[in-house]
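**Student:** 3D model of this:
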Amino acid sequence: MNKKTSPKEPLVTHIYTADPSAHVFEGKIYIYPSHDLDQDIPSNDNGDQYMMEDYHILSMDDFNSPCVDHGEALHLRDIPWASKQLWAPDAAYKNNTYYLYFPARDKNDIFRIGVATSASPAGPFKPEKNYIPGSFSIDPAVLVDDDNKSYIYFGGLWGGQLEKWETGTYNPDATGPSGSEPALGPRVAELNDDMLTFKEAPQEISIIDEDGNPIPAGDEERRYFEGPWVHKYNGYYYLSYSTGSTHYLVYAISKNPKGPYVFKGKILTPVIGWTTHHSIVQFGDKWYLFYHDSSLSGGIDNKRCVKYTELKYNEDGTIQTIDPYK
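**Tutor:** Numbering: from 1, shown residues only. Have a look, this model is predicted:
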């Protein structure tokens, strides 16, 4: 745990980590991953194998420093409304407070998004007594914009239940669009200044091709699946996400934080393991991609490890595709 970190190598090896959300807080790099447990659970498309119970926060002084595990920052037992599955989190800073956003199943087995707060980016975090009113699905990611407005992006198909909310209310039998119908997009909502509640009802983000046509549900190389992340570069908002079944990280751009977003291409080619989930952060004058794979466990889907690598832009603002094993 004390050795210097290296690109494309696991940040830590003493625990399994996944879904890294990276931020620069107080001049350091903080990573907010989910914490895979070392247990054998049969895999299925609903994600039952991902039975995470707590969060550990990681940090590095810089990219020449060792990665520090700050220990347990939040546990399932301390969240009154949650029943299981603390999946991919994110963090934000505002109001002199650090906010940790996380999905979990409520007592009715429906995924909701909760918030916990701390005076320190390393935690520990104290959860709110209830989830965000009106929240659903998984994979929250928060952007505090240059004008100090804050937006939360979220949503994941299949085990993430996004299809079941297509009408605006939960329908356990809903299957979502298919074939040539427009694919479901992630949801976005502006947050109130308290960072604990939605300022408005979440709306769907439209992801379109260069001709303005919606990406269809059957286009599994480009359609949205899960893991939204939004960062800004040269005046554009970059929405990046996982395609799920084809195992790519891809991106689309917009001049508006709520879209529509125009699809541009691939960021990362497939990794070892089924899922892929990421974040993008600037540190100094360089940009970095944080992601995970299952190399530490020999390919077991629910035992993953967080990695990073430098991310580079072309002169036209497009992102150079990364091969995680070259």
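
**Student:** In a helix, residue 164, correct?
**Tutor:** Yes: counting by DSSP: H, G, I helix; E, B strand; the rest coil, residue 164 is found in a helix.

**Student:** I figured it hits residue 172, correct?
**Tutor:** Yes: using C-beta atoms under 8 Å, residue 164 is in contact with residue 172, at 6.1 Å. (Glycine included, C-beta is placed from N, CA and C.)

**Student:** With neighbour numbers in mind, choose between the two.
**Tutor:** residue 164 (20 against 8; other C-beta atoms under 10 Å).

**Student:** distance of that one from residue 85?
**Tutor:** 16 Å (C-beta to C-beta, to the nearest Å).

**Student:** This structure: helices as residue ranges?
**Tutor:** With DSSP state H as the definition, the chain shows no helices.

**Student:** Under the pLDDT cut-off, which ranges of it? List them.
**Tutor:** Counting by pLDDT under 70, the low-confidence segments of the chain come to 1-2, 44-47.

**Student:** spatially speaking, which residue is in the middle of it?
**Tutor:** Centroid check for the chain by C-alpha atoms, centre = their mean gives residue 227 as the closest residue, at 4.2 Å.

**Student:** dump the residue contacts of it.
**Tutor:** By C-beta atoms under 8 Å, 6 or more residues apart in numbering, residue 227 lies in contact with 19, 88, 139, 156, 241, 242, 249, 276, 277, 278.

**Student:** Residue 234 against residue 317, yeah?
**Tutor:** Yes: using C-beta under 8 Å, residue 234 is in contact with residue 317, at 5.7 Å.

**Student:** out of those two, which sits in the busier spot?
**Tutor:** Taking neighbours as other C-beta under 10 Å, residue 234 and residue 317 compare with residue 317 leading, 13 against 9.

**Student:** quick one, what contacts that one?
**Tutor:** Residue 317 neighbours (C-beta under 8 Å, 6+ apart): 233, 234, 236, 253.

**Student:** shouldn't residue 312 be in contact with residue 321?
**Tutor:** No: counting by C-beta under 8 Å, residue 321 is not a contact partner of residue 312; they are 10.0 Å apart.

**Student:** Report the set of residues contacting both of these two.
**Tutor:** Joint contacts of residue 312 and residue 321 (C-beta under 8 Å, 6+ apart) do not exist.

**Student:** Grab the nearest non-local neighbour of residue 195.
**Tutor:** Leaving aside its chain neighbours, residue 195 sits nearest to residue 99 (5.0 Å; criterion: C-beta to C-beta, 6 or more residues apart in numbering).

**Student:** which residues pair with the one you found across the strands?
**Tutor:** Note on residue 99: beta-bridge partners by DSSP bridges are residue 92, residue 117.

**Student:** Same question for residue 21.
**Tutor:** Beta-bridge partners for residue 21, by DSSP bridges, are residue 32.

**Student:** Roughly how far does it sit from residue 246?
**Tutor:** Applying C-beta to C-beta, the value for residue 21 to residue 246 is 23 Å.

**Student:** which one of these two has more residues nearby?
**Tutor:** Taking other C-beta under 10 Å, residue 21 and residue 246 do not tie; residue 21 has more neighbours (27 against 16).

**Student:** Surely residue 41 touches residue 302?
**Tutor:** Yes: counting by C-beta under 8 Å, residue 41 does reach residue 302; the two are 6.6 Å apart.

**Student:** contacting residues for residue 154?
**Tutor:** Applying C-beta under 8 Å, 6+ apart, the residues contacting residue 154 are 103, 113, 135, 137, 138, 139, 140, 141, 186, 187, 202, 228.

**Student:** Out of those residues, which is nearest to residue 31?
**Tutor:** residue 141 (13.8 Å; C-beta to C-beta).

**Student:** check contacts around the closest one.
**Tutor:** Applying C-beta under 8 Å, 6+ apart, we find residue 141 in contact with 21, 90, 101, 152, 153, 154, 228, 229, 230, 279.

**Student:** swap the cut-off to 6 Å and go again
**Tutor:** 90, 153, 228, 229 (C-beta atoms under 6 Å, 6 or more residues apart in numbering).

**Student:** Next one: the residue of the chain most remote from its centre relative to residue 218, how far apart?
**Tutor:** Each residue of the chain has a distance to the centre, and by C-alpha atoms, centre = their mean the biggest one is for residue 211: 27.9 Å. Applying C-beta to C-beta, the value for residue 211 to residue 218 is 17 Å.

**Student:** Residue 246 too?
**Tutor:** Taking C-beta to C-beta, one finds residue 246 at 12 Å from residue 218.

**Student:** Quick check, residue 101 in contact with residue 140.
**Tutor:** Yes: the criterion here is C-beta atoms under 6 Å, and residue 101 meets it with residue 140 at 4.0 Å.

**Student:** list residues touching both of the two?
**Tutor:** residue 90.

**Student:** what's the closest of the contacts of residue 317 to residue 57?
**Tutor:** Nearest to residue 57 among the contacts of residue 317, with distances taken as C-beta to C-beta, is residue 233, at 25.7 Å.

**Student:** That closest one - how many residues pack around it?
**Tutor:** When neighbours are counted by other C-beta under 10 Å, residue 233 comes out with 15.
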